[in-house]
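Peer 1: need coordinates for the below:
(2 chains)
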Amino acid sequence: DTGVSQDPRHKITKRGQNVTFRCDPISEHNRLYWYRQTLGQGPEFLTYFQNEAQLEKSRLLSDRFSAERPKGSFSTLEIQRTEQGDSAMYLCASSTGQGNSPLHFGNGTRLTVT
Amino acid sequence: AQSVTQPDIHITVSEGASLELRCNYSYGATPYLFWYVQSPGQGLQLLLKYFSGDTLVQGIKGFEAEFKRSQSSFNLRKPSVHWSDAAEYFCAVGAESGGSNYKLTFGKGTLLTVNP
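Peer 2: Below you'll find the model as predicted:
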């Protein structure tokens, strides 16, 4: 069990640029979640996958955001035309899919939009 | 919709003192409840969880929490705090989202400072 891995740890980008983050879940976990955490707040749900199927998206996930999990393993979160308000920590979590299994979080990707 | 309130933004305790962090939730059905801890610049680590059964739940690092349905609370406790417990603590409620899936709704967190 190597834990949930996220890459990069930090990303600084200029407003208007596109960015992509990657998440590698724990290997036997078929559920994968994306959360966003801004300074002084708790994490907020963005979206989640059951295997390769994206089952729910939050209203926070505007049309500039897209998430994929093409083979049911790793996932990517892309933000197009970044805005300063996108600056946040983006957290990925995974779980086994059993009804009462907890979410295991990665260390996150810290995005700064200048 | 579910929600979580952590009334205390910041708590300071002395090392060796007891600790209680408050959490109140709002959810129409039987909730799944969690406490996570986050050190600066890090992800969240699960301390403990409640799904059903015994309302007093034991977790890692000597933490425990008690589910009180009548008060809609799930307070976190530790009898003797160590300096390494300084971190931010998040309470979360899990709401069903299709079948047996669930998603977490978090509180805003309580920052714990430990004085030597």
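Peer 1: now for residue 61: which residues touch it?
Peer 2: Defaulting to chain A. A:46-47, A:67 (C-beta atoms under 8 Å, 6 or more residues apart in numbering or on different chains). Backbone N, C-alpha and C define where each C-beta goes, glycine included.
Peer 1: correction: the question concerned chain B.
Peer 2: Contacts of residue B:61 (C-beta under 8 Å, 6+ apart): B:47, B:78, B:85.
Peer 1: kindly report the same for residue B:89.
Peer 2: Contacts of residue B:89 (C-beta under 8 Å, 6+ apart): B:6, B:21, B:35-38, B:47, B:76, B:109-112.
Peer 1: just the pLDDT for residue B:98.
Peer 2: If you check residue B:98, the pLDDT there is 54.
Peer 1: circling back: between the contacts of residue B:89, which is nearest chain A?
Peer 2: residue B:109 (5.3 Å; C-beta to the nearest C-beta).
Peer 1: you'd agree the closest one is up against residue A:42?
Peer 2: Yes: using C-beta atoms under 8 Å, residue B:109 is in contact with residue A:42, at 5.3 Å.
Peer 1: which of those two has more neighbours?
Peer 2: Counting neighbours by other C-beta atoms under 10 Å in any protein chain shown for residue B:109 and for residue A:42 shows that residue B:109 has the greater number, 25 against 22.
Peer 1: CA atoms only: put stretch B:16-29 into CSV for me.
Peer 2: The C-alpha coordinates for stretch B:16-29 follow below in CSV (Å, rounded to 0.1, in the frame of the first residue of the first chain):
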residue,chain,number,x,y,z
GLY,B,16,-0.7,17.0,28.8
ALA,B,17,-4.1,18.7,29.1
SER,B,18,-7.3,17.0,27.8
LEU,B,19,-8.9,18.0,24.5
GLU,B,20,-12.4,18.1,23.1
LEU,B,21,-13.1,19.3,19.6
ARG,B,22,-16.8,19.9,18.8
CYS,B,23,-18.6,18.8,15.7
ASN,B,24,-22.3,19.1,14.9
TYR,B,25,-23.9,17.7,11.7
SER,B,26,-27.1,18.0,9.8
TYR,B,27,-28.3,15.0,7.8
GLY,B,28,-31.7,13.4,7.4
ALA,B,29,-30.7,9.8,7.7
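Peer 1: now the residue of chain B found nearest chain A. Nearest residue, chain neighbours left out?
Peer 2: In chain B, the residue that lies nearest chain A is residue B:106 (3.3 Å; C-beta to the nearest C-beta). What sits nearest to residue B:106 in space, not counting adjacent residues and going by C-beta to C-beta, 6 or more residues apart in numbering or on different chains, is residue A:42, at 3.3 Å.
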